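> Generate coordinates for the sequence data below:
(one chain, ligands or ions: 1)
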Amino acid sequence: MEYKTTEALAEALRKLIPAADIRVAEPMEGHSTFRAGGAADLFIDLESVADLRTCVTLLSREEMPFFLLGRGSNLLVSDKGYPGAVLHLCGAAFKELVIEETKLTAGASVTLHQAAQAAYEAGLSGMEALSGIPGTVGGALTMNAGAYGTEMKDVVQRVTALDLRQLSETEEGIVRLSAEEMCFAYRGSVAKTRPLVFLEAELALTPGQQEDIRARMQELQAKRTEKQPLEFPSAGSTFKRPEGHFAGKLIEDAGLRGYRAGGAQVSEKHCGFIINTGGATATDILTLMRQVRDRVRETSGVTLEPEVMILGEEF
Ligand SMILES: Cc1cc2nc3c(=O)[nH]c(=O)nc-3n(C[C@H](O)[C@H](O)[C@H](O)COP(=O)(O)OP(=O)(O)OC[C@H]3O[C@@H](n4cnc5c(N)ncnc54)[C@H](O)[C@@H]3O)c2cc1C
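So this is what the prediction gives:
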């Protein structure tokens, strides 16, 4: 490793990719919808695919781990922080949204809400149920995000990604994946087994009546507001749905509605959500997650697995 300190590595990166905004010891609280967590050693706002390529090449050579951040709506960062680099795709190239006939092409940093809104304006149906998920296209591809009977797998036709295994001085590393090659599964995709940075997705939509599309989006948003504790910071469903069960019901049946650890609480409104009631640390949230997992295992024999990605600590 050539650079002895994070600051020296940051300086080298600033010279190589001057368009990037590179911060050392960046507090992650503001980058996670849980509003908790420690600092990342490096935080890098990237403007282009070329800069992303240069950045990951140097980080890999320096053996510094890195993490791709979307909107942080499925993320819990340890209070001890993340001993690596958080990469954030923020350039205009990652926010492009193009509609051609019934195909919507969206950059990785477009939010699902923006994509759904654009689809609605173009009279295209297919995104209504996904419109209330507060993440980006990149995060939603990774998670195969879904709600109310629709998952990303139902609309994704093709994805463009940077394959980090194919990065070298001579190879560009850009790959195009079909829906099949994305290996979508319940809250997962090919990203689990292959180091990919998603750059863009092509979504296949169908023509629809604008008023119907809007009515469906409004109906589902009203359902979310009624059933989910959107007034508190959280990362949505804390645990995956175990086969044959609902996590929220198991947690409720274990008597944990409203149960607390420090500032973290099992939501009174929806037991599937752990919320930050104000000032919760990541340790509070993790402690509560472990207590919930253990109690549910005792009462039902089912082991809950986190849906939330935990950065910097084992669950
Ligand atoms: C109030 C609330 C409600 C929610 N409701 C739902 C719901 O109904 N359904 C649902 O599925 N989820 C839901 N979620 C969870 C979350 O919004 C989704 O998982 C979303 O897809 C995460 O997107 P993100 O951009 O925030 O990703 P992040 O949380 O930033 O990251 C999630 C994962 O994606 C990876 N990633 C992000 N961008 C890229 C990229 N460009 N290339 C490769 N990997 C990338 C990250 O490394 C990480 O592994 C909810 C969350 C909240 C806070």
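> need the residues of the protein near the ligand, please.
With C-beta under 6 Å from any ligand atom as the criterion, the chain meets the ligand at residues 33, 67-75, 89, 108, 133-136, 138-140, 142-143, 145-147, 191, 196-198, 228, 230, 234-236, 309. The way it works is simple: take the backbone N, C-alpha and C, and place the C-beta from them, glycine included.
> do that again at 5 Å, thanks
33, 68-75, 108, 133-136, 138-140, 142-143, 145, 147, 197-198, 236, 309 (C-beta under 5 Å from any ligand atom).
> Count the neighbours of the residue lying closest to residue 144 once chain neighbours are set aside for me.
The shortest distance from residue 144 to any non-neighbouring residue, by C-beta to C-beta, 6 or more residues apart in numbering, is to residue 184 (4.4 Å). Per other C-beta atoms under 10 Å, the neighbour tally for residue 184 reads 20.
> who's in contact with the residue nearest the centre of the chain?
With distances taken as C-alpha atoms, centre = their mean, the chain has residue 139 as the residue nearest its mean C-alpha position (3.7 Å). Taking C-beta atoms under 8 Å, 6 or more residues apart in numbering, we find residue 139 in contact with 70, 71, 73, 74, 145.
> What is the burial count for the first one?
If I follow you right, that is residue 70. 24.
> do the same with the last one
By the measure other C-beta under 10 Å, the count of residues near residue 145 is 24.
> OK, contacts around the nearest residue to residue 307 once chain neighbours are set aside?
The shortest distance from residue 307 to any non-neighbouring residue, by C-beta to C-beta, 6+ apart, is to residue 240 (4.6 Å). Applying C-beta under 8 Å, 6+ apart, we find residue 240 in contact with 186, 187, 247, 304, 305, 306, 307.
> redo that, cut-off 10 Å
Contact partners of residue 240, counting by C-beta atoms under 10 Å, 6 or more residues apart in numbering, are 186, 187, 188, 247, 304, 305, 306, 307, 308.
> possible to save the residues you listed as JSON lines with pLDDT and neighbour count?
Converted to JSON lines, the contacts of residue 240 look like this (pLDDT from 0 to 100; neighbours: other C-beta atoms under 10 Å):
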{"residue": "186", "pLDDT": "96", "neighbour count": "13"}
{"residue": "187", "pLDDT": "96", "neighbour count": "18"}
{"residue": "188", "pLDDT": "97", "neighbour count": "15"}
{"residue": "247", "pLDDT": "98", "neighbour count": "22"}
{"residue": "304", "pLDDT": "98", "neighbour count": "23"}
{"residue": "305", "pLDDT": "97", "neighbour count": "13"}
{"residue": "306", "pLDDT": "98", "neighbour count": "19"}
{"residue": "307", "pLDDT": "97", "neighbour count": "19"}
{"residue": "308", "pLDDT": "97", "neighbour count": "23"}
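> Export those to JSON lines and append columns for secondary structure.
JSON lines is the format used below for the contacts of residue 240 (DSSP: H, G, I helix; E, B strand; the rest coil):
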{"residue": "186", "secondary structure": "coil"}
{"residue": "187", "secondary structure": "coil"}
{"residue": "188", "secondary structure": "strand"}
{"residue": "247", "secondary structure": "helix"}
{"residue": "304", "secondary structure": "coil"}
{"residue": "305", "secondary structure": "coil"}
{"residue": "306", "secondary structure": "strand"}
{"residue": "307", "secondary structure": "coil"}
{"residue": "308", "secondary structure": "coil"}
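> that older thread, quick check on the residues of the chain next to the ligand: which are buried?
33, 68-75, 108, 133-136, 138-140, 142-143, 145, 147, 197-198, 236, 309 (16 or more other C-beta atoms under 10 Å).
> buried residues in stretch 217-230?
In terms of neighbour count (16+ other C-beta under 10 Å), stretch 217-230 has its buried residues at 217, 220, 224, 228, 229, 230.
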